[in-house]
Structures are given as C-alpha cells and as structure tokens.
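>>> okay, predicted coordinates and the sequence, questions at the end:
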Protein chains: 2
Amino acid sequence: MTTPPAGLRERKKQATREALREAALRLAVERGPDQVRVEDIAEAAGVSPRTYNNYFASREQAIVSAVTADREARIAAAVTAGPAGVRLADAVTEAVVEQYANAGEREQQALLLITARTALRDAFLDATADIEPPLTAAIAERLGDAEARTARVLAASVAAAVRIALEDWLQPAGSAEAVGAAGLVVPAGSLPDHLRTTLAPLAPAFDAAERRTREGGL
Amino acid sequence: MTTPPAGLRERKKQATREALREAALRLAVERGPDQVRVEDIAEAAGVSPRTYNNYFASREQAIVSAVTADREARIAAAVTAGPAGVRLADAVTEAVVEQYANAGEREQQALLLITARTALRDAFLDATADIEPPLTAAIAERLGDAEARTARVLAASVAAAVRIALEDWLQPAGSAEAVGAAGLVVPAGSLPDHLRTTLAPLAPAFDAAERRTREGGL
DNA sequence: CCGCAATCTTGCGCGTACGCAATATTGCGG
DNA sequence: CCGCAATATTGCGTACGCGCAAGATTGCGG
C-alpha cells in the first residue's frame, strides 16, 4: 500500500527530497544554522534554488525534516500494530513515546542545533502537527467510522499535547526556574516520562470514546 | 489588572494597531485581498511599511486580526464568569460557542472574504491558537495549581478542536461531498451546534480533571 | 521505437519578512 | 521645566516564498 515498486519519477523525487534534507542538515552542522542560505542547500543538492522551494516551504523545514523525517508514519504504524487488548489511550501514548525516545546519534546532535535557534525550534515544534493525519487514521480504525470526528479531535489533541511536552522539555531552563508553590515544572525529567505525564489528562477522553464504540458495536 | 489607565505610549500603540487592522480590512474589502500590498496598508494607517511589520508578522495577520481582535480575552472572561456550579466542560464549550456565534455585520462580510482566499483562511485558522494562553489561565483557575499542566493540555486541545470545527465549517463543500456510510460530514449545520459536537469528545477529560481537583481539595 | 500528454525543473520578477543601526518620541526623576 | 534612559519608528539591505510561463523529463499507448 505504501510503496508499490513506484515509477522512476517518484523515486527521483524522493531522492531529491532526501538530498536536500541531508545537505541542509550537514551544512547547518558544519557552519552554523544562520550561515546557510537556501542557495547553498540547493547547490549542494544539485538543484536550482527555485526547486528547493518546490520541496520545502521554508529554509528551516528542510533541516528539521532531516530529523523528523517519517516520524508520522511510524507513530501511526505503532498504534495500528498495538494489540486490540490494550486501552487505546495506552496504545497511542506508547506509540508516541517510542518514536521520540529512540533518538539516534545523529538526531541527538541535530537536537542541540535546533534548540539553539528560535526559528528552528519553532519549525521543529510545528512539525509535530504532521502526526495528526496519520494518527487520525490509526485512531479511526480502532473507533470505527461512527467516531470519525472524535478520532480527528483526539489526534489533534495528542499532537497539541506532544507539542506542549516538547516545548517544556526544550526550555533552556533559563526562564523563571523554580515557580515555587505547586508549580512543579519538571523540565529536567526524562522525555518519555514527560510525554506520558503530559498525555495522561487526555486518557479519559479516549476511554469514553472507546467505551462508546464498544456499546455501539454490540 | 488588564487596563490600569496606562500611559500615552501604550495607548498610541493600540491606536496604531487598530488603525492598521481597520485599514487592512477596509482595503481588502474595497479592492480584493490580493490587490492590497503591505505598503498600501501602512500608508493608509500613516506609518512606514517597516513599522507595519513591527505589529504584524504577515500581510494576512492584520486583515484577520480585524475580525478575531480580542476574541481570546472574551473567551477567557466568559469561562471565568461562569458560575462554579456548572461543569467546567460546559462552561468552556459555551464560552467558545458564544464568542463565535455573535458574529456582527462586519464579521460576516469579512468571513466571506477570508473563506475565499486560501492564505487568509489559513491565517484565520491559525489565529484560533491564540485562545490557548488565556484559556489555560481560566481553566487553571478552576482546577487549581496542582493541575496546571492539565489545564495547558486541555486548553490546547480545545483550541485544536475549535480549529477543526472551523475547518470543516468553512469547507466550500466542493470536496467529496457525501462520504457515504457513517461519515456524516455535517458541514452544513449551524456553527454553534457544530462547535458543540466537535468539543464534546473532550468533555470526559475535563470531568476527570475536575473530579481529581475536588478529591484533592478535600 | 515513437510521439504525446503529464509532470517536474528552472529563471524571472514581485512583494514580503526582518536584522541592524540611526533617529525620534515618551515620560520619569531631578 | 529639563535632561536622560527607555522605547518606538524608520530606512536600508539581504534573503526568502512563490506565481508564472517556458523548457526539459518521464513513461504510457500505439
């Protein structure tokens, strides 16, 4: 379904996209993110600057996409792969955690780069919205067509929650530090735990939807 | 808290912002959205083009903000104003519905404009994200400091749901039309009902949070 | 093996977004 | 009433985003 042999045309497009991603990340690492112009990336990938913009709508997207790549697809797959026995909320949570936990050598290095510059940070956070469509599909599959709208809302909520979790986690801790009182802040903990905590409040909504499906399905 | 008399400086800034908003909307209506350059708006408001960009980061933002203006503040106020007796989920839902239902003459006209052009439509939808911070504050007030993180996630989820509701509602109905089977689509109904339906799946999450607060507060 | 329709790439041009440094405005002590 | 620090406005320069139309590439049907 995802990749029937596919024609040469499509393969070339993917190759170009890949080349742009790699070039963007490599150059950004080599000489610092601000010293890389679109022109440079395009040249390194062997295409015209205009073509670059046919693939990426902003300078930052290419760099970020080198890290986020096909995270969306993997999350959706992980949800779908989950056994039907477990709570949907848990399936989704673990699928998300899994994808953000397995940070490879290169991802780690890129993350440092991204955290530094605000523009990149924003682009990185915006990229979390991309998980929404595939996640919608995966959730809809479990909830049934009657809850299509619910699936969409839940997927969007998850994306929003993930974004928040990453936002907090990426804080240089340079802000107010301790917020005293009951403001726990927790930006220091491990990312997986942080994601789980942030997603937790949504669980009741998933449970209710799942229950509704079960009852309706009888 | 919101507006102590405030100095001249601040008032002038608001006046400029207001002037830019109005100029942008007026010109967009008069000659069509694509025939308005930033230069025109700035001139009409009596400031330099460069100053325009100190107030709005894109050409579309000014136009859209003439419609969305201080929707954020009003939603937050409506939630806070809600009696403590009603379910938080209902308070939030009704606060949101209220703000989007009361569309004035001018808003209605502007909406037509916005729906037409994709760039404006996107900017309009992106503007829903602005309700998140004030909504977070309003929800946090009801849930207590211990649920600060929950408040943030719920507010973001609401914003995401509202966005989805508006997205569907704005569809030119030019797409697949009937999705057959149980895909109800409903883009034709009234906006208030549509908002309520879309927000409904989040209610259980609100209920759970509220319950937690009550128990913890004992 | 060929031609043709679909699609991708590219150069061009316009308008936009924004960092920077100079200049003007505001409004708080003195 | 005045000077001074803080803040806003502006011009300039650079790079980006993208619509458009011409030219190249792909690959399907004959």
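Nice, I can see it.

>>> per-residue pLDDT, the one residue sitting closest to the centre of chain A?
Per C-alpha atoms, centre = their mean, the C-alpha nearest to the average position across chain A is that of A:T128, at 3.7 Å. Taken from the predicted model, the pLDDT recorded for A:T128 is 96.

>>> need the contact list for the closest residue to it other than its chain neighbours.
Closest residue in space to A:T128, ignoring its immediate chain neighbours: A:R163 at 4.6 Å, by C-beta to C-beta, 6 or more residues apart in numbering or on different chains. For the C-beta atoms, the positions are set from N, CA and C on the backbone; glycine is no exception. A:R163 makes contacts with A:125, A:128-129, B:156, as judged by C-beta atoms under 8 Å, 6 or more residues apart in numbering or on different chains.

>>> generate a PyMOL selection restricted to the buried subset of those.
The buried subset of the contacts of A:R163, as determined by 16 or more other C-beta atoms under 10 Å in any protein chain shown, is captured in PyMOL by this line:
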select buried, (chain A and resi 125+128) or (chain B and resi 156)
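
>>> returning to what we had before: and the gap between the residue nearest to A:T128 and A:A151?
19 Å (C-beta to C-beta, to the nearest Å).

>>> next, the buried residues of the strand or helix carrying A:L20.
Following DSSP states H and E, one finds A:L20 within helix A:8-31. Going by neighbour count (16+ other C-beta under 10 Å), the buried part of helix A:8-31 is A:16-17, A:19-21, A:23-25, A:27-29.

>>> so what touches that helix?
So helix A:8-31 is in contact with A:36, A:40-42, A:44-47, A:51-52, A:55-56, A:62-63, A:65-67, A:69, A:109-110, A:113, going by C-beta under 8 Å, 6+ apart.

>>> the helix or strand bottoming out on mean pLDDT in chain A near DNA strand C anywhere?
Using mean pLDDT, DSSP states H and E, the weakest-scoring helix or strand in chain A turns out to be helix A:105-116, at a mean of 86. No - contact between helix A:105-116 and DNA strand C is absent, the nearest approach being 14.4 Å (criterion: C-beta under 7 Å from any atom of the strand).

>>> relative to helix A:105-116, how tilted is the helix or strand just after that helix?
Once the chain leaves helix A:105-116, the next helix or strand it forms, by DSSP H and E, is helix A:118-126. Interaxial angle of helix A:118-126 relative to helix A:105-116 (axes from the mean of the first three to the mean of the last three C-alpha atoms, to 10 degrees): 120 degrees.

>>> remind me what helix A:118-126 packs against, helices and strands.
Helices and strands in packing contact with helix A:118-126 are listed as helix A:59-68, helix A:105-116, helix A:148-170; criterion 3 or more C-beta pairs under 8 Å, 6 or more residues apart in numbering or on different chains; DSSP states H and E.

>>> what's the least confident stretch among the ones you listed?
The minimum mean pLDDT among the helices and strands packed on helix A:118-126 belongs to helix A:105-116 (a mean of 86).

>>> name the residues that touch that one?
Applying C-beta under 8 Å, 6+ apart, the external contacts of helix A:105-116 come out as A:25, A:28-29, A:33, A:63-64, A:66-67, A:103, A:120-121, A:124, A:170, A:172.
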